[in-house]
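Return a 3D structure for these sequence lines:
(chains A and B)
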2 protein chains.
Amino acid sequence: MTFSPLIEELIDALRCLPGVGRKSAQRMALHLLERDRQGGTNLSQALQEALDRVGRCQSCRNHSESDTCSTCVNPRRDRHKLCIVETPADVLAIDQSTGYDGLYYVLMGHLSPLDGIGPEALGLPALFARLQESLGDDVVQEVIIATNPTVEGEATAHFIHEHIKSLANSAQISVSRIANGVPIGGELEYVDGGTLAHAFAGRKAW
Amino acid sequence: MTFSPLIEELIDALRCLPGVGRKSAQRMALHLLERDRQGGTNLSQALQEALDRVGRCQSCRNHSESDTCSTCVNPRRDRHKLCIVETPADVLAIDQSTGYDGLYYVLMGHLSPLDGIGPEALGLPALFARLQESLGDDVVQEVIIATNPTVEGEATAHFIHEHIKSLANSAQISVSRIANGVPIGGELEYVDGGTLAHAFAGRKAW
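Here you go, the predicted structure:
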């Protein structure tokens, strides 16, 4: 015995969510049908609307319903700083914890030649053009590369750094990379060797 | 900074799913928008369709798209047996593991007077009428009460049992309750006291 066809379809469809397997999907489907039909209707509509109307900001490539996202048009943002991140979730994480007040550029991924993801797919030509051609109030003076400290993220950061160094106006742009080291609250004993080596090599004078 | 309004709405809507908090909902929303728009569209449609078209089987109260569900109309099912369970998930669990070939009756909950859930809400009057009035091939000879072994489930089982005993044709209906005891693969040391007491009191001659 299985559930009725429509319920099975719903369970299958729910499995496209990250971290949701057959059992969780079944629990979700039955929960919505038995206890929260209004929530289910809301979810269906919100999902369809978001998929239909959310596109990319033409300036920073982040998700946006308008041509330019609210961060990019915010006059209180320092337009001389640009932070390069991999995903929209990174934008939120940095904004909520660091007090950074500049603009962002969202790659929506990292360089991964084996998967066919090159500089074009990450919008890097547009980024380099923007760095080279920005003028006046919009001129970018500081670039912070905040891709993930993974192999792919480091390679992407390296690629971007090398390219910026080759720009005609590279002397006017300071490029930095977020620091590697021991996480706050961590214990040295349990920190992996690579991180500890980075933290040791990158020690700062006190 | 937060996400754009439509994305925030989607994140809020996803939180109606069981076990999904703000962080998981955010991850799900961004995953659908960034990597699986087709899956998101499927999900939205499957959800809406299931909510619109899935109702109750008029015979067993389980979810069904038709008036009578596929289990109730299945001619290979033994119509003399009726298993009473709390939820549709219980039907699936019993069907997949026990080899039971009779029909089910799904209460969609348990007696809970404080929440205003009485016999009517669980369809018990209809169940008792069916037990009393079924004739010929449809006559119910065996009732297996498989509500959960919780306080509410036990109370519900007790209520049903008492009521069946008071029916005019109660002599023709054998009523049983699924066994309590030590789970297979469990270790006595870690089994809770109530379960162990039940397992001990309910020991079977070998």
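
where's A:E154, which helix or strand?
For A:E154, the element it lies in under DSSP states H and E is helix A:151-165.

Distance from the chain centre to that helix, please.
The chain centroid and the centroid of helix A:151-165 are separated by 16 Å, computed with CA atoms, centre = their mean, to the nearest Å.

Next: stretch A:70-85.
The answer for stretch A:70-85 is 15 Å, by CA atoms, centre = their mean.

Give the buried residues for the helix-or-strand element of chain A with minimal mean pLDDT.
In chain A, no helix or strand scores lower on mean pLDDT, DSSP states H and E than helix A:193-201, which sits at a mean of 83. Within helix A:193-201, the residues that count as buried by 16 or more other CB atoms under 10 Å in any protein chain shown are A:195, A:198-199. (Each C-beta comes from the backbone N, C-alpha and C, glycine too.)

What lies in contact with it?
A:180-183, A:188, A:191 (CB atoms under 8 Å, 6 or more residues apart in numbering or on different chains).

what's the answer for stretch A:125-139, then?
Stretch A:125-139 is contacted by residues A:79-80, A:82, A:84, A:105, A:119, A:140, A:143, A:160, A:163-164, A:167-169, A:172-173 when judged by CB under 8 Å, 6+ apart.

what about 10 Å?
A:58-61, A:79-80, A:82, A:84, A:103, A:105, A:107, A:119-120, A:123, A:140-141, A:143, A:160, A:163-164, A:166-170, A:172-173, A:175 (CB atoms under 10 Å, 6 or more residues apart in numbering or on different chains).

What of stretch A:53-61?
Residues from elsewhere that reach stretch A:53-61 (CB under 10 Å, 6+ apart): A:62-73, A:82-85, A:88, A:91, A:103-108, A:122-123, A:126-127, A:130, A:138, B:3-7, B:10, B:29, B:33, B:37.

Buried only: go through those residues for me.
Buried residues within the contacts of stretch A:53-61, defined by neighbour count using 16+ other CB under 10 Å: A:62-65, A:69-72, A:82-85, A:88, A:91, A:103-108, A:122-123, A:127, A:130, B:3-4, B:6-7, B:10, B:29, B:33.

I'd like to know which elements the following helix or strand past the helix holding A:E154 is packed against.
With elements assigned by DSSP H and E, the helix or strand that comes after helix A:151-165 is strand A:174-177. Secondary-structure packing of strand A:174-177 (3 or more CB pairs under 10 Å, 6 or more residues apart in numbering or on different chains; DSSP states H and E): strand A:78-85, strand A:142-145, helix A:151-165.

Tell me if the helix holding A:E154 is near chain B.
No: contact between helix A:151-165 and chain B is absent, the nearest approach being 15.8 Å (criterion: CB under 10 Å from any CB of the partner chain).

List the buried residues for that helix?
Residues A:152-154, A:156-157, A:159-160, A:163-164 are the ones in helix A:151-165 that count as buried (16+ other CB under 10 Å).

want to throw the residues you listed into a markdown table with pLDDT?
Output for the buried residues of helix A:151-165, formatted as a markdown table (pLDDT from 0 to 100):
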| residue | pLDDT |
| --- | --- |
| A:E152 | 91 |
| A:G153 | 92 |
| A:E154 | 91 |
| A:T156 | 94 |
| A:A157 | 93 |
| A:F159 | 95 |
| A:I160 | 94 |
| A:H163 | 92 |
| A:I164 | 91 |
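
Looking at these, which one is closest to B:A46?
Nearest to B:A46 among those: A:E152, at 33.7 Å, using CB to CB.

residues touching the closest one, list them.
Counting by CB under 10 Å, 6+ apart, A:E152 has contacts A:86, A:109-113, A:115, A:117.

now swap in A:S70 and tell me
Residues in contact with A:S70 (CB under 10 Å, 6+ apart) are A:57, A:62, A:64, A:77, B:1-5.

In helices only, show me the residues you listed.
By the criterion of DSSP state H, membership of those in helices covers B:P5.
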